[in-house]
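> Give the three-dimensional model of this entry:
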Amino acid sequence: MSSHPSKELEVFDNPNPERDFVIQIDMPEFTCLCPKTGQPDFATLHLEYIADQACVELKALKMYIWSFRDEGAFHEAVTNEILNDLVKATNPRFMCLKAIFNVRGGVYTTVIAEHQQTGWSPKPIVNLQHLS
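Now for the predicted structure:
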């Protein structure tokens, strides 16, 4: 059975929608093409989100990320496009996508894009260090 890239992002029901919990996904094999030269650009994507009612399905996410392999895109544009598509599919309480692109011509690029659901605010961080 072979897999193919896809722009379709599947989701599943959040198993604990009553609780804010953080989902972290690292994708070290992101590739797109430089829109100026056509040469490949490589990046590690770090996704962190707090789901509301839906979570992104990991195989679908992998096929979605793969779909950029033959597309030309500026780093800033592709990072925001991916975040926008993930937000549209999952409507999370909070989502942050950090794209760390490999060096090209002596220049490193990191793009960080965030989304926060209207009316949602993070709970205060509990510091348990004083208990030990």
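> can we go C-alpha only for contacts and neighbour counts from here?
Noted.
> quick one: low-confidence parts of the chain?
Applying pLDDT under 70 to the chain flags the ranges 1-2, 130-132.
> so where do the strands sit in it?
Under the criterion DSSP state E, the chain carries strands at the ranges 11-13, 22-33, 40-50, 54-56, 94-104, 107-116.
> Redo these as JSON lines? Include distance to L83 and mean neighbour count.
Output for the strands of the chain, formatted as JSON lines (distance: least, C-alpha to C-alpha, whole Å; neighbours: other C-alpha atoms under 10 Å):
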{"stretch": "strand 11-13", "distance to L83": "15", "mean neighbour count": "14"}
{"stretch": "strand 22-33", "distance to L83": "13", "mean neighbour count": "15"}
{"stretch": "strand 40-50", "distance to L83": "9", "mean neighbour count": "19"}
{"stretch": "strand 54-56", "distance to L83": "12", "mean neighbour count": "20"}
{"stretch": "strand 94-104", "distance to L83": "6", "mean neighbour count": "19"}
{"stretch": "strand 107-116", "distance to L83": "7", "mean neighbour count": "14"}
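> Minimum distance to G72: which of those strands has it?
Closest approach to G72 among these is made by strand 22-33 (4.4 Å; C-alpha to C-alpha).
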